[in-house]
Structures are given as structure tokens and as C-alpha cells.
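**Student:** no letters, just coordinates:
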Ligand code: ADP
Ligand code: ADP
Ligand code: ZN
Ligand code: ZN
């Protein structure tokens with residue numbers, strides 16, 4: 001290990017870590033300065049997060065919890081104390097990690113920044129009310145409260161509907177011929193049919209020949225009559241049977257087709273049933289609130305002529321200029337009239353705001369609401385709340401997010417955008433003396449935007465805070481006061497501090513993989529752009545901020561689409577391209593099929609107009625595979641081994657051992673997702689939840705299986721000397737050695753290693769994976785299939801979260817896909833990677849409404865020579 005530069009201890013007290021052994025850390029000792037920007041680097045899996053988050057942040061958190069709730073100590077200890085001898089000098093820590101796992105569509109830019117509560121206050125206190133309408137409380141303006149939500153759609157803004165055309169796609173069929181396609185298949189469908197017969201309907205005439213009234217009743221009735229049923233008879237036969245008082249086969253209940261769909265969708269436990277009925281549902285705007293999600297009274301209140309939904313839909317940049325204008329006007333109006341009455345109101349406002357934050361707004365009786373529209377009191381409230389809003393908007397806009405609106409829902413934000421929003425929110429919290437622990441804050445940022453980010457981080461530092469940043473961006477590394485390089489490799493081959501000191505000193509450290517990227521010498525070999533097989537053209541594309549964009553893309557080549565954050569890259573590449581090409585090929589793009597929660601499906605507006613067309617040479621493309629950063633599963637039951645399918649092969653191996661055969665254990669015995677071999681206490685989760693009074697619940701290791709997820713009898717079976725739980729605890733790399741010679745298992749493992757995921761544990765729950773890791777797991781699953789050379793691969797920032805060395809390996813892999821005849825189109829921000837593409841499209845020039853156009857396109861060298869492109873300057877450096 002390189003010398004620890006301890007001299008700076010004279011300037012600031014240091015944070016000292018002794019004997020850190022969390023995960024792969026090898027008894028690490030480390031001293032870093034406080035009140036500085038410390039950047040942790042190293043290849044993926046080297047142990048950066050284990051040190052920064054798993055040790056430093058976790059310890060700070062533990063001490064905090066202990067101080068607030070001494071009685072919880074035992075439980076917290078169980079839940080995870082970092083494995084470290086001592087940490088001294090650590091200030092209280094605030095962690096900003098990239099979001100893992102699913103996000104609620106109920107949360108939005110406004111709610112995570114808490115700006116929405118200010119806006120609701122503004123409408124409650126300072127809005128213009130129609131004559132005679134009583135004034136409303138702040139919560140009356142929230143779609144997430146019972147008193148504010150639109151009564152029709154319960155605050156979702158959209159409602160599901162079913163149409164006759166969907167339920168009955170072919171009206172020339174009879175009901176017996178399954179005219180009602182949405183009915184259940186098999187016996188239940190027959191039962192509904194026979195029940196209809198008993199109710200007197202003819203099921204042997206074409207659907208279109210039934211009367212309107214009959215058709216409507218069959219499809220839409222909410223009645224559920226129970227009648228005697230004669231299986232399989234026609235209407236006439238059934239009538240005869242009833243007349244003869246024959247014994248019915250059974251009593252059957254009829255449910256209308258619509259009722260059946262809604263009921264199944266809401267209540268079924270079966271994912272496949274849910275998926276089946278979901279195809280008959282269409283989501284439409286709520287007829288009452290027209291998608292605004294609020295009750296009618298709330299929408300009648302306006303501010304500057306906008307209702308609160310319109311106000312919240314404005315880009316933050318425009319919102320800021322509107323507020324500036326209002327404040328300027330108010331200032332000039334009130335400069336003459338300011339007095340003590342206003343001060344009193346102002347104080348009251350502050351008290352109330354605090355009360356509202358505590359969820360107790362009703363207790364305060366605000367005078368301001370009893371005054372008429374635009375009273376002096378109301379104008380004062382508008383001024384104060386507006387100024388507060390404006391102050392909080394500024395850092396968000398400075399971080400390059402002025403194109404977002406308060407109402408944008410979090411599932412439509414990238415991990416980077418979300419993290420920067422949180423960062424901007426922190427900036428206005430005015431904390432000092434804390435350490436911010438950040439996970440790749442540069443993710444999703446164009447080099448042009450990184451300068452702004454660094455400015456913000458410097459601001460936090462100036463205010464007396466420390467920054468611990470896990471980063472892959474060379475620009476951020478160069479900006480650091482202190483660099484901690486972990487490695488040299490991943491997993492077992494990492495976990496050591498290779499260097500700790502001022503950035504320049506790393507130049508001397510030969511073991512460091514990072515060194516060559518900061519100081520030159522490492523990287524991809526210069527790339528000579530390929531000659532494309534052909535060109536396809538996206539024409540007249542409209543989507544989000546893309547307005548009538550026409551763009552050409554080479555086939556049989558690697559294309560990188562770049563541009564500043566918010567310029568429209570994802571809109572073009574992830575949303576439009578796969579959909580248009582898929583439509584043209586007559587089959588939808590392959591993405592993971594997941595059954596969303598009812599509400600999520602309604603709230604996410606993905607079925608939007610697909611406006612544009614595709615032309616040109618599609619001859620070499622037979623399928624489209626879109627590999628995005630969405631989580632690979634929402635439960636800890638999905639993991640790398642199950643997702644790639646390799647676990648099926650592993651379980652089979654176990655079931656084929658002599659001992660398993662003697663005991664009659666089938667492959668299912670080795671699953672933790674079904675009853676049988678798993679631990680019954682935790683149902684195969686390995687952990688159980690413990691509720692703590694006044695604190696977030698914590699998960700602790702299952703007392704019965706000790707986290708192995710299995711019953712001891714299952715664990716008695718071994719294959720090559722390891723039991724099934726030990727297999728799940730292996731990293732991909734260890735498994736790659738262990739399963740040597742087992743072709744079907746190795747195929748998946750090799751693909752995972754190739755995309756730089758060798759450090760993941762096989763049993764690592766999907767919910768713990770970052771968006772980038774999830775994307776690479778999907779890529780690996782795709783790579784393990786036989787390559788046919790006729791696929792269009794669409795990727796969104798595949799290198800985010802990757803060390804330069806890992807990114808290089810991934811790019812090399814994408815190049816082999818292209819060499820095999822495939823087409824790859826990816827959103828990319830790392831200019832080193834873009835320099836290795838065959839074709840570059842630069843979108844911009846700015847973000848949101850200032851973007852959405854093609855600024856430059858061509859080979860990397862051509863784009864680097866462009867005078868308009870924000871990327872040109874950075875790209876030409878990378879091409880040198
Ligand atoms: P980095 O942040 O440098 O990418 P990590 O600190 O995430 O690396 O991982 C370092 C090593 O620790 C890897 O081998 C990884 O598989 C392992 N690891 C990470 N999280 C866990 C965990 N929760 N349990 C066990 N091992 C883990
Ligand atoms: P980039 O990928 O270049 O960062 P995006 O394509 O994500 O940019 O966004 C381009 C513009 O479209 C931005 O103004 C963004 O706010 C808007 N936008 C993106 N996705 C959505 C969405 N699902 N709903 C509404 N607006 C969106
Ligand atoms: Zn509604
Ligand atoms: Zn258990």
C-alpha cells in the first residue's frame with residue numbers, strides 16, 4: 001500500500017478508520033481529511049461502496065439511531081453493524097444514494113423536493129377564489145389526501161375503461177364460439193355461457209345479431225344473478241329442461257364481462273390472469289378532473305390565472321420567472337404600505353407552515369383565509385411563499401433540472417436526475433458540519449453539466465461540510481481534494497486501499513487501474529468507423545420535447561446519441577426508436593414483461609401517442625431488444641441467478657445427486673420461492689422484519705435458517721461439496737471457477753462476467769441492484785442467447801455506474817455484437833466511449849424546450865469538428 005499522507009492532520013481533524021472488513025474489505029485502515037471532497041474510485045466491485053456506504057455511513061447511522069433510541073440497540077446490532085474495529089472523527093452523515101428498486105408513481109418532483117407543500121400553501125392562502133366559495137386548506141390541494149383527491153378517480157387522474165370492441169373483437173362469432181374474448185378460458189367461460197342460457201339469452205346467434213340491450217347487459221351489468229345451470233344445452237333445450245323441472249347440473253353465478261375484468265384485475269393473485277385481463281383494459285383520462293387529479297373545488301382556485309395543476313405542470317424554469325415577476329410587482333405595490341399588520345400575518349404564516357409540516361394544519365385558524373381575494377394579507381402571503389419557493393427552485397435549476405416540472409412522477413426520472421433533485425433539496429436545508437456520502441452524482445450528466453455539479457459540491461464544502469463521493473467520472477476525480485483508490489480488482493481481488501492522498505499522487509501508483517484514465521495511457525484503442533450496412537430513418541418524430549425530428553441511423557453499426565441532460569436522448573432512443581421499429585416489423589420490442597400495480601399502470605402514461613414513422617433500410621433487422629435501467633424485479637425473490645435462468649440448471653444438478661434422488665428431492669426442493677425445501681419461518685427470504693416503535697422497521701436475519709433461506713434438510717444435499725445456500729452466496733466470479741465444465745451454467749456466468757458483473761453474488765436480490773446493474777444483467781441474459789446477427793439493440797447509458805476499465809470491456813463487447821451483424825444504438829455521455837462509436841448524434845442545444853433537435857451528426861470526428869455542438873469540445877479531446 002502507498003504511504004498514507006498524514007500531514008494534513010494539522011489543518012483539519014481527520015476521519016480515521018481502523019480494521020474495516022465489511023464485505024470484501026481486507027482489514028482496511030484509512031485516514032481522510034474532513035471539510036474536503038474525498039473521492040472513492042476503483043473498478044466495479046472493488047469495495048468503494050462497502051467502504052463509503054457500508055462502513056462510514058452505516059457507522060454514522062448506527063450511532064445516530066443508538067442515541068435516539070437506546071432500547072433499539074439490540075435490534076440494530078442484529079440488523080447490521082459494520083465490521084470495523086474503530087472509526088473516529090466521523091461527523092453525522094447524510095447519504096444520497098441512487099434509488100434502487102421500484103419507485104412509487106404517487107411521488108413526484110414536487111413531493112420529493114417538498115416544494116409541493118409550499119405550492120399548496122400558496123394556493124390555500126394567496127389563491128383567487130370564485131365568489132362564495134369557502135377557502136380551502138393546504139391538504140385540499142393534494143391528490144394524495146382523501147379531502148383533496150378527485151372523487152371519481154381517487155386522485156389518479158386516469159380511469160380504466162373497457163370497450164365492446166376490445167371485449168368482442170369479432171362480432172360475427174356466437175357466444176358459444178367465444179365471441180367474448182375477454183371471458184375466462186376453460187370451464188369458467190363455459191359456466192358463464194351456460195348461465196346466460198339459463199337467463200334466457202341465445203348463445204348460438206352471431207353477437208352482432210343480439211339486441212343492443214342484451215349486448216349491453218351481458219357486457220356491462222353489475223348484477224350477479226345466481227341461476228340453475230344445465231351444462232352445454234342450447235337455449236331451446238334449456239327451456240325445455242326447465243319446463244320439465246329437470247335437475248340442474250349446478251347453480252351458476254353470472255358476472256358481466258366488464259365486471260369480470262375489473263374484479264380479476266384488482267383481486268387475482270395470479271400474475272398470468274392479471275396480464276391476460278389487462279390486455280382488455282384501456283386507461284383514459286378521468287372525465288371529472290381531466291387528469292388533474294384534484295377535486296373540482298380545488299381546481300377553481302387560481303394563482304396568476306393558473307389552477308394548481310397547470311402551475312405544477314410548468315417547467316421549473318418558467319415557474320421561477322413567473323414567481324420573479326409576481327414578487328417584483330408585489331414589491332413595487334407594497335413598498336408604500338408595509339406595516340405591523342403584515343408582520344403579524346407573516347409570523348402567523350410561518351407558524352402555520354410548521355404546523356402543516358407536522359400534519360396538524362387544522363389546529364391553526366388562519367386569518368388570511370378570511371380576507372378577500374388579493375387583500376393586503378394575501379399579497380403578503382404570496383410574496384413570502386413565492387420568495388421561499390423561488391429560493392428553493394434556484395439550486396434545482398442550477399443543477400440543470402429546470403426542464404422538469406413539479407408534477408413529473410419519479411418513475412419517469414432517471415436515477416441521476418433523482419439524485420440531483422435530492423442534492424438540490426439538501427442545498428437549501430442549510431446543514432453544516434455533516435458529511436454527505438454520494439453515489440456517482442455525475443450519473444446522467446453530460447460533461448457540460450458536470451461543471452455545474454462541481455460548483456454545487458464546492459458550495460456544500462464551503463459551508464463547512466465534508467463530501468465522500470463514490471465516482472467514475474474522471475472530471476470529478478480531478479476535482480477532488482483527496483482520492484481513495486480501492487482495488488486493485490473486484491471482489492476477492494479488491495478490497496485494499498491502493499492509494500489515499502491528493503489526486504496528483506496517484507500518478508506514481510503502478511497497481512492502480514484508475515491511474516491510466518486520469519493521467520493517460522489507458523483506454524480503448526482508436527476506432528476506425530465502420531461502413532454501415534444501410535441506413536434507417538426516423539421521420540417527423542414528436543415526443544416530449546422532440547418536435548418534428550428526422551434523424552438517420554446506420555444499421556450494422558454502433559451509434560451513440562449524446563447531448564446535455566434533458567435534451568431528448570432517452571425520448572428518442574428509449575421511447576421512440578424501439579416502438580417505431582417494432583411497429584414496422586409487426587412485433588413489439590422485447591422488454592421485460594412485468595405486471596405493474598393497478599395504480600402504477602394508470603399513473604404512468606407510457607401508452608402515449610407514438611408520433612412519427614420509420615423508413616429506409618430495415619432489411620437486416622428482424623427483432624428489437626430494448627435494454628433499459630428499470631429494475632429486474634420488485635421483490636427480493638428475484639435475483640441474478642433466477643433472472644438469467646442459471647438457477648434452474650443449478651437446482652437440476654442438485655436434484656440429480658445420489659442423496660437427493662434417494663430422498664426423492666426434485667428441483668423444486670431447492671427453490672426458495674416455493675414451499676418444500678425453503679425455510680418456513682421466513683418463507684425463503686432469509687430475513688424477517690422487526691417493527692420498531694417510532695423508527696423505520698428493520699430487517700434482521702431469520703433466527704431459524706440464519707439467513708440461508710433453506711431448511712437444514714435441504715442444506716444437507718451438496719454438489720461438488722457445496723450446499724445450495726453456499727452457491728447463492730458465491731460471487732459470479734467464484735461460481736465461474738466452481739462450475740467449470742457445466743456448459744449451461746457457464747454460459748450465463750460468462751455473459752455476466754463479460755458485462756462487468758463478476759462481483760455480484762448469485763443470490764443478490766434484484767431490489768439491491770442499481771439501475772445500471774439491472775441493465776447489465778438484462779444485457780447478459782441477452783448475450784447468453786445464440787446470436788443471429790439481425791437484432792437492433794437499444795441501450796440507455798449502459799456505462800453509467802462503471803469504472804472506465806469496466807466500461808471499456810462493455811464497449812468491446814458491444815463491438816463484437818456489431819461485428820456479428822447487429823445494430824446497436826445507445827444513449828451515452830462518456831466521450832471516451834462515444835469516440836469508439838461509428839456514428840454520433842448530438843441532441844440539443846439545451847434541455848427541455850430548448851432542446852429536442854439534432855445539433856450535429858456523423859462520425860465522431862465529424863461531430864467533434866462541429867461548431868454548434870456542446871459535445872464537440874469534449875469529444876475532440878477524447879479523440880486525441
Ligand atoms: P463497488 O462499490 O466498488 O462497486 P461494492 O462495495 O459494492 O463495490 O462491493 C465490493 C464487494 O462486496 C463485491 O465483491 C460485492 O459482491 C460484495 N458485496 C457487496 N454488497 C454485499 C452484501 N450486501 N453482502 C455480501 N457481499 C456484498
Ligand atoms: P435526456 O435523455 O436527454 O436527459 P429526456 O428524453 O429524458 O432527456 O427528456 C427530454 C424532455 O422530455 C425533458 O424536457 C423531459 O422533462 C421531458 N420528458 C421526458 N420523459 C417524459 C415523460 N415521461 N413525461 C413528460 N415529459 C417527459
Ligand atoms: Zn379524476
Ligand atoms: Zn429463515
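**Tutor:** Structure received. Fair warning: this is a prediction, and the values are worked out from it, not measured in the lab. Ligands and ions are numbered 1, 2, ... in the order given.
**Student:** give me the distance between the residue of the chain positioned farthest from its centre and residue 539.
**Tutor:** When distances are taken from the C-alpha mean of the chain, residue 244 lies farthest, 63.5 Å away, according to CA atoms, centre = their mean. Remark: distance between residue 244 and residue 539 (CB to CB, to the nearest Å) = 69 Å. C-betas here are computed from N, CA, C, even on glycine.
**Student:** same check, this time on residue 233
**Tutor:** Relative to residue 539, and taking CB to CB, residue 233 is found at 57 Å.
**Student:** need the residues of the stretch 201-350 of the chain near ligand 3, please.
**Tutor:** 286, 288, 289 (CB under 5 Å from the ion).
**Student:** around ligand 4, which positions in the stretch 451-600 of the chain sit nearby?
**Tutor:** Residues of the stretch 451-600 of the chain lying near ligand 4 (CB under 5 Å from the ion): none found.
**Student:** tell me which parts of the stretch 451-600 of the chain are close to ligand 2?
**Tutor:** With the criterion set to CB under 6 Å from any ligand atom, the stretch 451-600 of the chain comes near ligand 2 through 544, 545, 563, 565, 566, 567, 568, 569, 570, 571.
**Student:** one more time with 8 Å, if that's ok
**Tutor:** For the stretch 451-600 of the chain, the contact set with ligand 2 under CB under 8 Å from any ligand atom comprises 543-546, 563-575.
**Student:** can you check the chain too?
**Tutor:** 315, 403-405, 408-409, 412, 414, 417, 444, 543-546, 563-575, 604-606, 608, 796, 827, 843, 847-849, 851-852.
**Student:** PyMOL command to pick out the buried ones of the residues you listed?
**Tutor:** Buried members of the residues of the chain next to ligand 2 can be picked out in PyMOL with the line below, counting by 16 or more other CB atoms under 10 Å:
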select buried, resi 315+403+404+405+408+409+412+414+417+444+543+544+545+546+563+564+565+566+567+568+569+570+571+572+573+574+575+796+827+843+847+848+851+852
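**Student:** list the buried ones in stretch 619-633?
**Tutor:** For stretch 619-633, burial by neighbour count (16+ other CB under 10 Å) applies to 620-621, 623-633.
**Student:** narrow the residues you listed to those in strands?
**Tutor:** Among these, the ones falling in strands (DSSP state E) are 623, 624, 625, 626, 627.
**Student:** now the closest residue to the first one other than its chain neighbours: how far from ligand 2?
**Tutor:** What sits nearest to residue 623 in space, not counting adjacent residues and going by CB to CB, 6 or more residues apart in numbering, is residue 791, at 5.1 Å. Here the distance between residue 791 and ligand 2 works out to 23 Å (CB to the nearest ligand atom, to the nearest Å).
**Student:** can you check residue 804 too?
**Tutor:** Applying CB to the nearest ligand atom, the value for residue 804 to ligand 2 is 22 Å.
**Student:** any idea how many residues pack against that residue?
**Tutor:** 25 (other CB atoms under 10 Å).
**Student:** and what of residue 808?
**Tutor:** The local packing of residue 808 (other CB under 10 Å) involves 21 other residues.
**Student:** residues in contact with it?
**Tutor:** By CB atoms under 8 Å, 6 or more residues apart in numbering, the contact set of residue 808 is 523, 524.
**Student:** help me confirm that it is found in a helix?
**Tutor:** Yes - per DSSP: H, G, I helix; E, B strand; the rest coil, residue 808 lies within a helix segment.
**Student:** how close does it get to residue 722?
**Tutor:** Relative to residue 722, residue 808 is positioned 33 Å away (CB to CB).
**Student:** just residue 506 next, same as before
**Tutor:** Residue 506 is 39 Å from residue 722, by CB to CB.
**Student:** over to residue 457?
**Tutor:** 45 Å.
**Student:** those two - which one has more neighbours?
**Tutor:** Neighbour count, other CB under 10 Å: between residue 457 and residue 722, residue 457 has more, with 22 against 14.
**Student:** wait, doesn't the more buried one sit right on residue 36?
**Tutor:** No - counting by CB atoms under 8 Å, residue 457 does not reach residue 36; the two are 11.0 Å apart.
**Student:** intersection of neighbour lists for those two?
**Tutor:** With CB under 8 Å, 6+ apart as the test, residue 457 and residue 36 both reach residue 467.
**Student:** re the thing from before, so residue 233 and residue 539 - more neighbours on which side?
**Tutor:** Comparing residue 233 with residue 539 by other CB under 10 Å, the one with more neighbours is residue 233, at 19 against 15.
**Student:** quick one: residues contacting that one.
**Tutor:** Per CB under 8 Å, 6+ apart, neighbours of residue 233: 194, 197, 241.
**Student:** in the stretch 651-800 of the chain, which residue sits closest to ligand 3?
**Tutor:** Taking CB to the ion as the measure, the stretch 651-800 of the chain has residue 771 as its residue closest to ligand 3, at 31.3 Å.
**Student:** that residue contacts residue 629, doesn't it?
**Tutor:** Yes - with contact defined as CB under 8 Å, residue 771 counts as touching residue 629 (3.4 Å).
**Student:** now for these two: what residues contact both?
**Tutor:** In contact with both residue 771 and residue 629: 414, 415, 800, using CB under 8 Å, 6+ apart.
**Student:** go back to those residues and keep what's next to ligand 4.
**Tutor:** Okay, of those, nothing touches ligand 4 (CB under 5 Å from the ion).
**Student:** among the contacts of residue 233, which are located in strands?
**Tutor:** Checked against DSSP E, the contacts of residue 233 include nothing in strands.
**Student:** what sits against the closest residue to residue 394 other than its chain neighbours?
**Tutor:** Nearest residue to residue 394, sequence neighbours excluded (CB to CB, 6+ apart): residue 320, at 7.2 Å. Contact analysis of residue 320 by CB under 8 Å, 6+ apart lists 390, 393, 394, 397, 402.
**Student:** now whichever residue of the stretch 401-550 of the chain sits closest to ligand 1: phi and psi?
**Tutor:** Per CB to the nearest ligand atom, the residue of the stretch 401-550 of the chain with the smallest distance to ligand 1 is residue 491, at 3.4 Å. When read as degrees, to the nearest 10, the backbone of residue 491 gives phi 50, psi -130.
**Student:** burial of the closest residue to residue 680 other than its chain neighbours, as a residue count?
**Tutor:** Spatial nearest neighbour of residue 680, chain neighbours left out: residue 711 (7.4 Å); criterion: CB to CB, 6+ apart. Using other CB under 10 Å, residue 711 has 18 other residues around it.
**Student:** much appreciated, bye for now.
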